[in-house]
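Trainee: Pasting the sequence and the predicted model now:
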Amino acid sequence: MRLRLLLLALGTFAVGTDTMVMAGILGRVADDLDVSVAAAGQMVSVFALAYALLAPVLATLTARWRRRRLLLTALAVFTAANALSALAPDYPTLLATRVLAAAGAALYTPTANAVATALVPPERRGRAIATVLGGMTVATALGVPLGTYVGRADWRLTMWLVVVLGAVALLGLAVFLRELPAPAPAVGLRERLAPLREGRIVAAVATTFVFFVAFQAVYIYLAVAVRPATDGEAGRLTLILLVTGIASVGGSWLGGRAVDRWGVRAVLLVAGSVAALAFGALPWLGLTMRGALLYATVSPLAGWAISVAQPHRLASLSPAHAPLLISLNSSALYLGMAAGGGAGSLAMTLLGERWFPLASTALALAVLALVATTTSHPQREVAGRSGPLVGRKAKQPGKRPAEARHRTTSSPSGD
């Protein structure tokens with residue numbers, strides 16, 4: 001079981017490297033394809049937007065597929081798309097391959113998280129999700145620097161590195177992953193859109209979106225926020241980013257264990273509070289190297305703990321429909337990443353280069369309010385129950401309709 005989780009994590013490591021390494025090779029892409037750096041940067045936006053839009057659509061279209069087949073198909077599409085990116089002769093072709101890679105990633109990551117929860121007993125689901133998401137965090141700490149280094153002479157070598165990672169994960173899962181229980185019975189389109197009518201699901205997805213707007217608005221412009229500490233020296237900024245990557249791994253690991261021990265609500269409230277404090281303190285922490293490193297440690301710990309808690313929260317609402325619900329969460333995450341750049345730029349324009357992180361503080365406080373009003377204390381939940389929110393109505397003879405609805409939406413995870 002541990003090997004299968006690690007292979008799933010290798011797949012997310014490949015996806016994470018592909019998603020984030022572009023920032024390190026934009027200049028070489030621009031020079032090779034004779035476009036501006038700004039145009040080359042659209043690869044990142046195209047990937048993020050395509051992922052966000054395709055994740056729930058593809059989850060719906062593939063709902064009848066066995067999960068093993070779905071995982072292998074997703075990795076095959078993702079790996080082939082990156083090979084095409086490495087061979088792209090021009091800029092339009094490269095953008096098209098990034099959309100195809102996003103389609104593979106949008107199929108793979110939510111399914112991998114859902115499969116991870118199916119491989120372990122309920123009390124270990126948080127750690128299982130943390131292991132799979134750990135691939136993304138390790139990509140931040142190791143994959144991105146490695147990909148940037150490999151592509152220092154030719155950016156296409158970076159794409160081939162992603163191809164190798166994806167191919168190894170594909171081969172490993174094909175050999176070691178057995179068939180999994182059949183997914184939930186297929187239902188009509190109207191029923192598949194039912195999550196968007198469920199208040200708790202909408203609240204959970206909104207939590208992910210707003211928090212990642214806040215987080216990315218600072219992360220994308222972190223070099224600006226810590227410029228007084230680095231004095232523009234690349235070596236100091238690299239150290240800060242390295243600490244950020246390592247702390248991201250720690251946040252994912254700790255977040256999974258914290259969810260299993262204390263529940264989703266507690267992790268979201270504590271980690272959200274820590275993130276809000278970190279954003280609010282950054283205008284002062286960014287003045288010194290010691291303060292910048294403190295921020296680089298604390299903020300990713302909180303951010304990635306939330307990243308682990310949110311898929312667990314949605315999967316617990318309806319385990320049978322976990323791939324669809326987690327795909328909605330992934331879409332919200334990538335939309336937040338895409339919107340974070342614009343939000344950070346706007347905050348910088350309105351508040352200035354020193355004070356713009358305060359906008360993220362306000363957004364983080366909004367997240368805390370949302371969590372506090374839309375999640376329940378664990379002791380109020382019905383043990384061992386997680387109601388099927390998608391494609392089915394609760395029927396409980398002898399219960400009042402309001403009570404039946406309450407039990408239908410109860411979750412064992414503290415959501």
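Mentor: Received the coordinates, thanks.
Trainee: element containing Trp355?
Mentor: Using DSSP states H and E, Trp355 sits in no helix or strand.
Trainee: what's the answer for Leu5, then?
Mentor: Here Leu5 is assigned to helix 2-20, by DSSP H and E.
Trainee: Leu287 now?
Mentor: Here Leu287 is assigned to no helix or strand, by DSSP H and E.
Trainee: Looks like it contacts Asp231 (just checking).
Mentor: No. Contact criterion C-beta atoms under 8 Å: Leu287 and Asp231 do not qualify, at 11.1 Å. For the C-beta atoms, the positions are set from N, CA and C on the backbone; glycine is no exception.
Trainee: Looking at these two, which has the bigger crowd around it?
Mentor: Shown here are Leu287 and Asp231; by other C-beta atoms under 10 Å, Leu287 has more neighbours (15 against 10).
Trainee: can you pull the contacts of the more buried one?
Mentor: For Leu287, the contact set (C-beta atoms under 8 Å, 6 or more residues apart in numbering) comprises 228-229.
Trainee: list the buried ones in the helix holding Leu5?
Mentor: By neighbour count on 16 or more other C-beta atoms under 10 Å, the buried set for helix 2-20 is 4-20.
Trainee: can you check stretch 156-175 too?
Mentor: Result for stretch 156-175 [16+ other C-beta under 10 Å]: buried residues 156-163, 165-170, 172-173.
Trainee: Report how many residues lie close to Leu87.
Mentor: Neighbours of Leu87 (other C-beta under 10 Å): 13.
Trainee: tell me the pLDDT at it?
Mentor: Per-residue pLDDT puts Leu87 at 95.
Trainee: Tell me who's in contact with it.
Mentor: Contact partners of Leu87, counting by C-beta under 8 Å, 6+ apart, are Arg156.
Trainee: And it, how close does it get to Gly166?
Mentor: Leu87 sits at a distance of 15 Å from Gly166 (criterion: C-beta to C-beta, to the nearest Å).
Trainee: can you check Arg290 too?
Mentor: 39 Å.
Trainee: what's the average pLDDT for the helix or strand where Arg313 lies?
Mentor: Assessed by DSSP H and E, Arg313 sits inside helix 289-317. Helix 289-317 comes out with an average pLDDT of 89.
Trainee: Who are the packing partners of it?
Mentor: helix 91-119, helix 125-138, helix 199-219, helix 227-230, helix 234-262, helix 264-285, helix 322-351 (3 or more C-beta pairs under 8 Å, 6 or more residues apart in numbering; DSSP states H and E).
Trainee: In that helix, which of the residues would be classed as buried?
Mentor: 289, 291-317.
Trainee: Check stretch 34-51 too.
Mentor: Those would be 35, 40-44, 46-51, for stretch 34-51 by 16+ other C-beta under 10 Å.
Trainee: now it, how far from the chain's geometric center?
Mentor: 19 Å (C-alpha atoms, centre = their mean, to the nearest Å).
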